[in-house]
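Asks: What would the 3D arrangement of this be:
(one chain, ligands or ions: 1)
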Amino acid sequence: MVISMWKNLLQTMKERILQQRRMSVYNQAHGYEEELVKKQLQQFAGGSINLTKEDSGIGILTLNNPKIMNAFTGTMMLELQERVTELENWKDGKGLIIYGAGNTFCSGSDLNVVKAISNSQDGMNMCMFMQNTLTRLMRLPLITVALVQGKAIGGGAELITACDFRLMTPGSEIRFVHKLMGLVPGWGGGARLVRIVGSRAALKLLSGATRVDPERALHLGLSEETLSSSDEAGALEEARAWLSQYTEGPASVIRATKEMVAAGRELLLEAALRTEKDIFGTLWGGPANLQALATRPKHK
Ligand SMILES: CCCC(=O)SCCNC(=O)CCNC(=O)[C@H](O)C(C)(C)COP(=O)(O)OP(=O)(O)OC[C@H]1O[C@@H](n2cnc3c(N)ncnc32)[C@H](O)[C@@H]1OP(=O)(O)O
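Replies: A predicted model of the protein is given here:
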């Protein structure tokens, strides 16, 4: 009995690790040693990443290091990974809002960390760690929204591109300042930005280190809407209401919809079509489908 429970536990852990590896971009085959990277990031402490999971199926992820405009310390990078793992295992989740404490989004990587790991190998390790985490965030079966108040700068601008949607508050700004730091994006924000706004607009925003205000972001399709509130509580409430238009209904259907769109976005057509068929198969004849049929709805 104990042995079989132990075997089941091992099997579950193995499946979870395999699933995370499939979701990630880098593993040992790419010379990426996650445990070593984690040990190094652990040395740069400060701030936190907090997650609350609401009964409505909406999660709220807070970047919390307001003294330095929510810049990412090493431990915040580690905590972000932990929170993403928690969200991957949240089976009732439907949506996620990411925002920054203290009325501003995030000013990228903590410059103290940037200076301390300024050799190429350490930089690449940090880049692979963050790309893995943000890719897993992007692939969550949740509809994700970045609520941009204040500034989203550098790595903060990269983080918002890992969300499905962006909402901005009046006076807020998105800015890829990498060029001014002698860099290009490294957390996957360059590749994702091209897919969101197209290569010409992305090239302008990156090579000009351009300030993007809410009006320009709307015009580029980088933001969905400019909210009317500037204060934290009001903006969060507006973001919740905006997201709830898309998360109403059974979790199984919302999650399947996001997974299908993510496959369409990332895979070649034939693979995306096969994935769509597989996802369809999980819903057809299922509880939400049968209930809808039983109530004979008309979609007037
Ligand atoms: C692949 C990842 C690439 C990266 O993310 S590299 C990092 C890119 N980010 C940056 O270079 C941001 C540098 N900071 C700034 O430009 C300005 O602080 C910023 C964000 C425009 C805000 O300007 P202001 O509104 O005038 O506020 P401020 O400068 O007085 O900042 C308030 C306090 O926050 C600190 N801070 C802001 N961003 C930081 C960061 N990334 N790392 C470390 N500390 C940071 C800033 O030094 C200031 O602290 P203090 O009051 O001087 O002690």
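
Asks: Which helix or which strand is home to Glu237?
Replies: helix 232-247 (DSSP states H and E).

Asks: Name the residues of that helix that come out as buried.
Replies: Under the neighbour-count criterion of 16 or more other CB atoms under 10 Å, helix 232-247 has 232, 235-236, 238-240, 242-243, 246-247 buried. The C-beta positions use only the backbone N, C-alpha and C, and glycine is treated the same way.

Asks: Output those of these also counted as contacts of the ligand.
Replies: Among the buried residues of helix 232-247, proximity to the ligand is found for none (CB under 6 Å from any ligand atom).

Asks: can you list those residues in JSON lines and add distance to Ile143 and pLDDT?
Replies: Shown next, in JSON lines, are the buried residues of helix 232-247 (distance: CB to CB, whole Å; pLDDT from 0 to 100):
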{"residue": "Glu232", "distance to Ile143": "21", "pLDDT": "94"}
{"residue": "Ala235", "distance to Ile143": "18", "pLDDT": "98"}
{"residue": "Leu236", "distance to Ile143": "16", "pLDDT": "98"}
{"residue": "Glu238", "distance to Ile143": "16", "pLDDT": "98"}
{"residue": "Ala239", "distance to Ile143": "12", "pLDDT": "98"}
{"residue": "Arg240", "distance to Ile143": "12", "pLDDT": "98"}
{"residue": "Trp242", "distance to Ile143": "11", "pLDDT": "98"}
{"residue": "Leu243", "distance to Ile143": "7", "pLDDT": "98"}
{"residue": "Tyr246", "distance to Ile143": "5", "pLDDT": "98"}
{"residue": "Thr247", "distance to Ile143": "6", "pLDDT": "98"}
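
Asks: just to revisit the earlier point, what does the helix holding Glu237 rub up against?
Replies: Outside helix 232-247, the residues that touch it by CB atoms under 8 Å, 6 or more residues apart in numbering are 56-58, 60, 94-95, 97, 99, 101-103, 143, 145, 147, 149, 167, 169, 224-225, 227-229, 254.

Asks: Show the secondary-structure elements that the helix or strand following that helix is packed against.
Replies: Note on helix 232-247: by DSSP H and E, the next helix or strand toward the C-terminus is helix 251-266. If contacts are counted by 3 or more CB pairs under 8 Å, 6 or more residues apart in numbering; DSSP states H and E, helix 251-266 sits against helix 269-283, helix 287-294.

Asks: hmm, 6 Å instead?
Replies: helix 269-283 (3 or more CB pairs under 6 Å, 6 or more residues apart in numbering; DSSP states H and E).

Asks: Spell out which residues of this protein are next to the ligand.
Replies: 68-69, 71, 107-111, 114, 151, 153-155, 177-178, 181, 186-187.

Asks: Read off the pLDDT value for Lys298.
Replies: At Lys298, the model reports a pLDDT of 86.

Asks: which residues touch it?
Replies: By CB atoms under 6 Å, 6 or more residues apart in numbering, no residues touch Lys298.

Asks: I'd guess it is in a helix, am I close?
Replies: No: using DSSP: H, G, I helix; E, B strand; the rest coil, the assignment for Lys298 is coil, not a helix.

Asks: any idea how far it is from Ala292?
Replies: 11 Å (CB to CB, to the nearest Å).

Asks: Likewise for Glu82?
Replies: 37 Å.

Asks: Same check on Ala162?
Replies: In terms of CB to CB, Ala162 sits 32 Å off from Ala292.

Asks: more crowded one of those two?
Replies: Ala162 (24 against 13; other CB atoms under 10 Å).

Asks: quick check, that one in a helix?
Replies: No: Ala162: not assigned to a helix; according to three-state DSSP it is coil.

Asks: wait, what's in contact with it?
Replies: 134, 137-138.

Asks: Try it again at 7 Å.
Replies: 134, 137-138, 188, 192 (CB atoms under 7 Å, 6 or more residues apart in numbering).

Asks: What is the burial count for Ile58?
Replies: Residues near Ile58, counting by other CB under 10 Å: 21.

Asks: oh sorry, the question was meant for Leu222
Replies: Neighbours around Leu222, by other CB under 10 Å: 23.
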